[in-house]
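Participant: Quick one, structure for this:
(2 chains)
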Amino acid sequence: RKEVEQDPGPFNVPEGATVAFNCTYSNSASQSFFWYRQDCRKEPKLLMSVYSSGNEDGRFTAQLNRASQYISLLIRDSKLSDSATYLCVVNRRWDGSSNTGKLIFGQGTTLQVKP
Amino acid sequence: EPEVTQTPSHQVTQMGQEVILRCVPISNHLYFYWYRQILGQKVEFLVSFYNNEISEKSEIFDDQFSVERPDGSNFTLKIRSTKLEDSAMYFCASSEALGLQIGETQYFGPGTRLLVL
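Facilitator: Predicted coordinates for the structure are as follows:
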């Protein structure tokens, strides 16, 4: 089983739509959670960190459910510029001991926003 | 805004040759990482580096790979004898801390696209 699983999509939505991405992680020792955005052939860029209480940044809302080991990202009022691949990323302890900062990436979910 | 830089942006090499990929992390960062992404696949962790030593490495990071921080600014990844399957985008990343607290995160460089022929 993959440690971080995402639906690869693609999600094709019209401008202005609301779209939700889900992600599950298998290792309960995971400590920090992130959504990164990756444009074609570019580096991953942090979109937002994900906290247990949920957090919102403008049109983006992230939720974490530790009990279900589930992370979500909601994008409201989609823009053409939101077209990208969204990467679910977790950070966990190494072998149950110290944390080395290693990030584990999901395959990514591709979003295409159309006019 | 400070950023991670990487050179070269593209590298083409023959199988069996050595390559060195270079990175300049953000200046006040203490933790350094290399990741790779084979075309069409997910980003994969290679190695983390802190206090001048490797803190964790993946199964991919075998004896052909090494990392070094030769001075106060550069962080390099060396592949001693490249294989066809080493063809990938290699990303360097750095962070101020381990990402366990709010606001701590890893910043990625633009990547070096390595093609092994």
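Participant: Show me which residues of chain A are close to chain B?
Facilitator: With C-beta under 8 Å from any C-beta of the partner chain as the criterion, chain A meets chain B at residues A:31-32, A:34, A:38, A:41-46, A:49, A:51, A:87, A:91, A:94, A:98-108. Quick note: C-beta positions are derived from backbone N, CA and C, even for glycine.
Participant: Buried subset of those residues as a PyMOL selection?
Facilitator: Burial among the residues of chain A next to chain B is assessed by 16 or more other C-beta atoms under 10 Å in any protein chain shown; the matching PyMOL selection reads:
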select buried, chain A and resi 32+34+38+43+44+49+87+91+99+100+101+102+103+104+105+106+107+108
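Participant: Residue ranges in the chain under the pLDDT threshold?
Facilitator: As the question left the chain open, I've gone with chain A. Applying pLDDT under 70 to chain A picks out residues A:93-99.
Participant: other chain: chain B
Facilitator: Checking chain B against pLDDT under 70 turns up B:97-104.
Participant: Name the residue closest to the centre of it, please.
Facilitator: The residue lying closest to the centre of chain B (C-alpha atoms, centre = their mean) is B:W34, at 2.7 Å.
Participant: So that one: helix, strand or coil?
Facilitator: strand (DSSP: H, G, I helix; E, B strand; the rest coil).
Participant: any idea how far B:V4 is from it?
Facilitator: 11 Å (C-beta to C-beta, to the nearest Å).
Participant: Now do the shared contacts for these two.
Facilitator: Residues touching both B:W34 and B:V4 by C-beta atoms under 8 Å, 6 or more residues apart in numbering or on different chains: B:23, B:92-93.
Participant: Who are the contact partners of the residue nearest to the centre of chain B?
Facilitator: With the criterion set at C-beta under 8 Å, 6+ apart, B:W34 makes contact with B:21, B:23, B:46-47, B:67, B:77, B:90-93.
Participant: likewise B:F45?
Facilitator: So B:F45 contacts A:102-104, B:33, B:35, B:56, B:58 (C-beta under 8 Å, 6+ apart).
Participant: Looking at those residues, which one is closest to A:E3?
Facilitator: A:I104 (5.2 Å; C-beta to C-beta).
Participant: is that closest one in a bridge, and if so with what?
Facilitator: Note on A:I104: beta-bridge partners by DSSP bridges are A:V90.
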